[in-house]
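[1] output the structure for:
(one chain, ligands or ions: 2)
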Amino acid sequence: MAKGRVAIVVERCKACGFCVEFCPTKVLALSSAFNSKGYHPPHVVAPEKCSGCDLCGMYCPDFAIYGYKNPVTKNEAPQPEAEEVRNEG
Ligand code: SF4
Ligand code: SF4
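    Numbering: from 1, shown residues only. Ligands and ions are numbered 1, 2, ... in the order given. Next up, the predicted model:
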């Protein structure tokens, strides 16, 4: 399962390609579809590779994309003795 996800606000995108270029695991590619401004927004081509690092969001000049970590699932949750750190993030 992917560690993270990415959300794309298609209508804000100006197709600069920074998110595609700087994603360390090549999750994104520019789509062949247009948004209403005539730009090709990115789309997700490899969702399983997304770490949720949000580098795409940091490089996007138009706040059109952001990445986030998936919540920790029950099996991956900290052991009871580490319970005090559970509220992080
Ligand atoms: S960095 Fe932002 S504006 Fe540039 S292509 Fe990606 S989503 Fe679009
Ligand atoms: S959050 Fe990180 S891994 Fe996921 S698409 Fe953005 S840059 Fe790539």
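[2] how about residue 25: what's its closest non-neighbour residue?
    Once flanking residues are discounted, residue 25 sits nearest to residue 49: 4.1 Å by C-beta to C-beta, 6 or more residues apart in numbering. Every C-beta, even on glycine, is put in place using the N, C-alpha and C of the backbone.
[3] correct me, but the one you found touches residue 26?
    Yes: between residue 49 and residue 26 a contact is recorded at 6.8 Å, counting by C-beta atoms under 8 Å.
[4] neighbour-wise, which of these two wins?
    Using other C-beta atoms under 10 Å, the more surrounded residue of residue 49 and residue 26 is residue 49, with 16 against 11.
[5] in terms of pLDDT, where does the more buried one sit?
    The model reports residue 49 with a pLDDT of 98.
[6] quick check: it vs ligand 1, distance?
    17 Å (C-beta to the nearest ligand atom, to the nearest Å).
[7] next up, the contacts around that residue.
    Contact partners of residue 49, counting by C-beta atoms under 8 Å, 6 or more residues apart in numbering, are 2, 25, 26, 27.
[8] give me every residue in the chain lying close to ligand 2.
    By the rule C-beta under 6 Å from any ligand atom, the part of the chain lying against ligand 2 is 4, 6, 23, 25, 27-28, 50-56, 67.
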